[in-house]
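# What follows is a predicted protein model with its sequence.
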2 protein chains.
Amino acid sequence: MTVSTDLVAREILDVVPLAMRTIRAEMRSSRSSDLTVPLFRTLHFLERHPGASLQDLAGHLGLTSPTACKIVDGLVDHALVARQPSRADRRKITLALTPAGSDVLEKSRASTQARLVELLTPLSSLQLETVFRAMELLQPLFLTAGSPLIREEVKP
Amino acid sequence: MTVSTDLVAREILDVVPLAMRTIRAEMRSSRSSDLTVPLFRTLHFLERHPGASLQDLAGHLGLTSPTACKIVDGLVDHALVARQPSRADRRKITLALTPAGSDVLEKSRASTQARLVELLTPLSSLQLETVFRAMELLQPLFLTAGSPLIREEVKP
DNA sequence: GGCATATAATTAGATATTCTAATTATTAGA
DNA sequence: TCTAATAATTAGAATATCTAATTATATGCC
């Protein structure tokens, strides 16, 4: 079988929003703690990048800094994230999960993951492997694609 | 190689939101017409389900009917979607794309797809095939998972 | 060293999106 | 036929995001 990149792109465009709907619904459902997707992704990002700055976070989320700031406000209020002024550059802050943050993240992820596991049961182990390899192939591509918010600026 | 459903679920949870970010960014960017994701998904749904009711749409989007109604309002204002009272049940309406709607959808999808094609270029044809097959495996699972908004109701 | 410019985070206010509750019209069932 | 349920809509509140402005700090040029 040979498939064109066009066809694959089309399939991705079809399936990813569909999958996202399920993930989102599960996160919102009472089974998980009621983290919204951006909150969850913030915790997830900070788990992998402890000490990140607000801008790092905003960049990763594809949101503006004020929005990221507000998200962090909320998480700090709930004691899930800690803010610290950066040693090296005092304009910057350093973000990190608190133990409570790690805990909430783990619980939420576990329940969403459990839901996905349910969904995946119809697949054979060979099919699972295919999906796994596909995800491994796609991850670096979309990571690279990341860096949103790169916009042309028009200086007066 | 043998992978557990847990591991695969975890990968999906990692990659899908990442992919979604790219898709969303592309849709918003000036390259595409500036459809938001829900608008795009509405058009996409109506393409595949012409004559759907508002509730069908709301169910598919995972949104409430009032929200779906507003989305349709906007699309009708822009002459991308047509509303018609249903013959069979006059409480219902029937939704369908206008030719302009199909056109906008096609253009938007084409540009987003083109961006994805760019991203996929590093993959070999064998790797593309893996991704394609994975998408084909996942699509029916997430379609089934669909039907959100099924909530317990507590009668007084 | 001191001043102009740039950068990081935040705050304030406006806009957009979605939700819940209530309304209207129509259908289905006792 | 009357009561209850259902489909779409409208109204108003809550949430999330954005742009613009503010504050504090850093960098670079002279």
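Thanks, I have the structure now. Residues are numbered from 1 along each chain as shown, chains lettered A, B, ... in the order given.
# which element is residue A:122 on?
Residue A:122 belongs to no helix or strand when assigned by DSSP states H and E.
# How about the contacts made by it?
residue B:141 (CB atoms under 8 Å, 6 or more residues apart in numbering or on different chains). (Each C-beta comes from the backbone N, C-alpha and C, glycine too.)
# What's the separation between it and DNA strand D?
Using CB to the nearest atom of the strand, to the nearest Å, one obtains 30 Å as the distance from residue A:122 to DNA strand D.
# Mind pulling up the pLDDT for residue A:30?
If you check residue A:30, the pLDDT there is 51.
# okay, now the nearest residue to residue A:24 once chain neighbours are set aside: neighbour count?
What sits nearest to residue A:24 in space, not counting adjacent residues and going by CB to CB, 6 or more residues apart in numbering or on different chains, is residue A:37, at 5.6 Å. Around residue A:37 there are 15 other residues, counting by other CB atoms under 10 Å in any protein chain shown.
# check contacts around residue A:37.
Per CB under 8 Å, 6+ apart, neighbours of residue A:37: A:23-24, A:27, B:17.
# Against residue A:81, how distant is the residue positioned nearest the centre of chain A?
Compute the mean C-alpha point of chain A, and by CA atoms, centre = their mean the closest residue is residue A:41, 3.5 Å away. Look at residue A:41 and residue A:81: by CB to CB, to the nearest Å, they are 13 Å apart.
# What of residue A:97?
6 Å.
# which element is residue A:82 on?
Once you assign secondary structure using DSSP H and E, residue A:82 falls within strand A:81-85.
# Does DNA strand D have contacts with that strand?
No: Strand A:81-85 is not in contact with DNA strand D by CB under 7 Å from any atom of the strand; minimum separation 8.1 Å.
# Flag every buried residue along that strand.
Using 16 or more other CB atoms under 10 Å in any protein chain shown as the burial criterion, the residues of strand A:81-85 that qualify are A:81-82.
# which ones are touching the one residue in chain A that gets nearest to chain B?
Of all residues in chain A, residue A:134 sits closest to chain B, with a separation of 3.2 Å (CB to the nearest CB). Going by CB under 8 Å, 6+ apart, residue A:134 touches B:130-131, B:133-135.
# 10 Å - rerun?
The contact partners of residue A:134, taken as CB atoms under 10 Å, 6 or more residues apart in numbering or on different chains, are A:8, A:12, B:8, B:11-12, B:15, B:127-135, B:137-138.
# Kindly report the same for residue A:119.
A:19, A:22, A:26, B:5, B:9, B:12, B:138, B:141-142, B:144-145.
# picking that back up, the contacts of residue A:37: which two are farthest apart?
Maximum pairwise distance among the contacts of residue A:37 (CB to CB): 10.1 Å, between A:27 and B:17.
# anything in contact with each of those two?
A:37, A:40-41.
# quick check, nearest of those to DNA strand C?
DNA strand C lies nearest to residue A:37 out of the shared contacts of residue A:27 and residue B:17, by CB to the nearest atom of the strand, at 11.8 Å.
# thinking again about what came up before, next secondary structure after the strand holding residue A:82?
Assignment by DSSP H and E places the next element after strand A:81-85 at strand A:93-97.
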